[in-house]
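*Asks:* Just to be clear, the model below is a prediction. Sequence and coordinates:
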Amino acid sequence: MSNLYGEFNQKIDHVYKVVLIGDSAVGKSQLLARFARNEFSLDSKATIGVEFQTKTLTIDHKTIKAQIWDTAGQERYRAVTSAYYRGALGAMLVYDITKRQSFDHVARWLEELRGHADKNLIIMLIGNKSDLGTLRAIPTEDAKEFAQQENLFFMETSALEATNVETAFLTVLSEIYRITSKKSLVANNEQESGGGSLLKGTEIAVPGQEPAGGSKSMCCMSS
């Protein structure tokens, strides 16, 4: 019980909601279990409805609580969309590198995500099950090219072998921290200087701060 109380007493600087999306059976729940609890189960059952896990970590000396939401990929559960995406700052869009159909559906998932979530959402495309390289159906270059076209981060992972799982989540969470910190800095600077930003020569896309009709750009690149 000491760990439980220790977590309650811990000062949390930020809470970041990140959602997992993608077809059923691509390994979303396994990625979450590996990241949150460092667990993997070969007989994992399909997710019913919505589940979420939390993990507390440190970024730039700040205590961040990551709240990772996992949903069933089946069509019949997609009524949860608007509530599921609400408040999300990041998203992991997952496909299975051995299932062509799961990659073909990525564009549709991305369209749904962008239709429901914040426009400045940090999105990472994840090709999961990289341990099954001999069964690969989607070349890495194809996914990387798609990610570059759509301004997404990209990484291949293996929940089974714990390859790149923590790196993928930390990349998204660190980018969220960077963006929200800049947003806070700009707001403070505008207050201090009567509306003029002190960050000369730096253009930052900030949710809700753009002038009406202004262009918006994601500051994400594939990695």
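*Replies:* Now that the structure is in, tell me what you want to look at.

*Asks:* And the strands in the protein?
*Replies:* For the chain, applying DSSP state E gives strands covering 14-21, 50-59, 62-71, 90-96, 122-128, 153-156.

*Asks:* Of those strands, which is nearest Thr140?
*Replies:* strand 153-156 (6.3 Å; CB to CB). All C-beta spots, glycine's among them, are computed from the backbone N, C-alpha and C.

*Asks:* In its sheet, which strands sit next to that closest one, and in what direction?
*Replies:* strand 122-128 (parallel) (DSSP bridges).

*Asks:* With just CA atoms, put the partner strand into PDB.
*Replies:* Below are the C-alpha coordinates for strand 122-128, written out as PDB (Å, rounded to 0.1, in the frame of the first residue of the first chain):
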ATOM      1  CA  ILE A 122       0.500  15.100 -31.500                       C
ATOM      2  CA  ILE A 123       0.000  11.900 -33.600                       C
ATOM      3  CA  MET A 124       2.400   8.900 -33.900                       C
ATOM      4  CA  LEU A 125       1.900   6.200 -36.500                       C
ATOM      5  CA  ILE A 126       3.000   2.900 -35.000                       C
ATOM      6  CA  GLY A 127       3.800  -0.300 -37.000                       C
ATOM      7  CA  ASN A 128       3.400  -2.900 -34.300                       C
END
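
*Asks:* any idea of the angle it forms with strand 14-21?
*Replies:* 50 degrees (axes from the mean of the first three to the mean of the last three CA atoms, to 10 degrees).

*Asks:* least trustworthy helix or strand in the chain by mean pLDDT?
*Replies:* Taking mean pLDDT, DSSP states H and E as the measure, helix 2-9 is the helix or strand of the chain with the lowest mean score, a mean of 46.

*Asks:* and the strands of the chain, which one's lowest on average pLDDT?
*Replies:* Lowest mean pLDDT of those: strand 50-59, a mean of 86.

*Asks:* for this protein, what are the low-confidence residue spans?
*Replies:* 1-10, 42-50, 72-81, 184-223 (pLDDT under 70).

*Asks:* List the buried residues for stretch 11-19?
*Replies:* Going by neighbour count (16 or more other CB atoms under 10 Å), the buried part of stretch 11-19 is His14, Tyr16, Lys17, Val18, Val19.

*Asks:* Output it as PDB, restricted to C-alpha atoms.
*Replies:* Only the C-alpha atoms of stretch 11-19 are listed here, as PDB (Å, rounded to 0.1, in the frame of the first residue of the first chain):
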ATOM      1  CA  LYS A  11       2.800  16.400  -6.800                       C
ATOM      2  CA  ILE A  12       1.600  16.000 -10.400                       C
ATOM      3  CA  ASP A  13       2.600  19.000 -12.700                       C
ATOM      4  CA  HIS A  14       0.700  17.900 -15.800                       C
ATOM      5  CA  VAL A  15      -1.800  15.300 -16.800                       C
ATOM      6  CA  TYR A  16      -1.700  14.300 -20.500                       C
ATOM      7  CA  LYS A  17      -4.400  12.200 -22.200                       C
ATOM      8  CA  VAL A  18      -3.200  10.000 -25.100                       C
ATOM      9  CA  VAL A  19      -5.500   7.800 -27.100                       C
END
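
*Asks:* quick one, helices of the protein?
*Replies:* 2-9, 28-37, 81-85, 100-104, 106-116, 140-149, 165-192 (DSSP state H).

*Asks:* just those: most buried one?
*Replies:* helix 28-37 (a mean of 22; mean count of other CB atoms under 10 Å).
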